[in-house]
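Participant: With the input below, show me the fold.
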Amino acid sequence: MSVPRPVQRQRGRPLRRPRYLYADRGYDHEVYRDKVHRFQITPHLARRGTGHGSGIGVYRWVVGGAITLLHWFRRLRIRWEIRDDIHRAFVTLGRTVIRWRRLRTALCRA
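Facilitator: Just a heads-up that it's a prediction; the model follows:
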């Protein structure tokens, strides 16, 4: 009976670990803090019961917010077009409408 070989790593660049983890109050528990510390990552978790001025909300996911704004357009919520160029044109049109609305509200406030 032969001894199984150890699992080899994938070739290429090793994966980089993040230095910090930012999360909201839903993850404020010692279990999650311990798990993150095991991987040598510094957790920045908002504490429960603290005010919203704790500074955790400074870092936001820009891509998630942009996708959320694009989902306001029914045609972009579910992709119906088979051709990529037509779908890309609708995404560009949606981005243009979002920018126009932001510009219009900024000009109205000024």
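
Participant: Below-threshold pLDDT in the chain: ranges please.
Facilitator: Counting by pLDDT under 70, the chain shows low-confidence ranges at 1, 6-9, 14, 52-62.

Participant: try 50
Facilitator: In the predicted model, the chain carries pLDDT under 50 at residues 54.

Participant: in it, which helix has the most residues?
Facilitator: Under DSSP state H, the helix in the chain containing the largest number of residues is helix 84-109.

Participant: Residues touching the helix or strand harbouring Leu69, excluding its own?
Facilitator: Using DSSP states H and E, Leu69 maps to helix 62-70. Helix 62-70 has contacts (Cβ atoms under 8 Å, 6 or more residues apart in numbering) with Leu76, Val91, Gly94, Arg95, Ile98. Quick note: C-beta positions are derived from backbone N, CA and C, even for glycine.

Participant: Can I get these in JSON lines including distance to Asp24?
Facilitator: Output for these, formatted as JSON lines (distance: Cβ to Cβ, whole Å):
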{"residue": "Leu76", "distance to Asp24": "27"}
{"residue": "Val91", "distance to Asp24": "29"}
{"residue": "Gly94", "distance to Asp24": "28"}
{"residue": "Arg95", "distance to Asp24": "27"}
{"residue": "Ile98", "distance to Asp24": "25"}
